[in-house]
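> All I have is the shape, not the residue letters:
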């Protein structure tokens, strides 16, 4: 089991962290721990609306940074794809919300919550064929990836996350 320096920190210890990046990492770890049952199943219903919004946005960002929108949609965070647009709007990143909206619309319907069904659904768009529809989806998602990276850099998401948490401090426990 992975244990980080942030595992088991109290909220008082987290609020005392002065470095923004370390604070955000600690808060993310805390919320993942708070929402995780038996170290495997995440129950986001254990989080306040503000906690959930922050966690969905930052986990989505991590997936997109690591492998683009398709990775975000196919992995665990894809379960919350129907909340991505609202999460980034709430955080104060309407440009990123719009990019997420465009990426989600490429599928023409809401992505399944169940990961296996979501993978099967996404595979219909990325089956290795070279038909025009698959190429168009791929091109749009790559365009969304590039736009996300540029907007992320321009906006400084960490500053937006930090401000959002401070503005909603009473909702974080």
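Received the coordinates, thanks. Predicted model, so just to flag it, every value in this text is computed and none were measured.

> Can you give me every residue that contacts the residue minimising distance to the centre of the chain?
The centroid of the chain falls nearest to residue 60 when counting by C-alpha atoms, centre = their mean (1.8 Å). Contact partners of residue 60, counting by C-beta atoms under 8 Å, 6 or more residues apart in numbering, are 72, 77, 80, 84, 87, 100. Where you see a C-beta, it was placed from the backbone N, CA and C, and this is true even at glycine.

> The last one reaches residue 88, doesn't it?
Right, the one you point to is residue 100. Yes. The criterion here is C-beta atoms under 8 Å, and residue 100 meets it with residue 88 at 6.0 Å.

> where does the nearest residue to residue 155 once chain neighbours are set aside fall, phi/psi-wise?
Counting by C-beta to C-beta, 6 or more residues apart in numbering, residue 93 is the residue found nearest to residue 155 once chain neighbours are left out, at 5.6 Å. When read as degrees, to the nearest 10, the backbone of residue 93 gives phi -120, psi 70.

> Pull out the buried residues from stretch 47-66.
Neighbour counts over stretch 47-66 (16 or more other C-beta atoms under 10 Å) mark 47, 50-61, 63-64 as buried.

> now the helices for this protein?
11-15, 20-35, 49-74, 81-91, 94-105, 115-123, 132-155, 157-167 (DSSP state H).

> Relative to residue 122, how far out is the residue nearest to the centre of the chain?
According to C-beta to C-beta, to the nearest Å, residue 60 and residue 122 sit 16 Å apart.

> cool, and residue 113?
Residue 113 is 13 Å from residue 122, by C-beta to C-beta.
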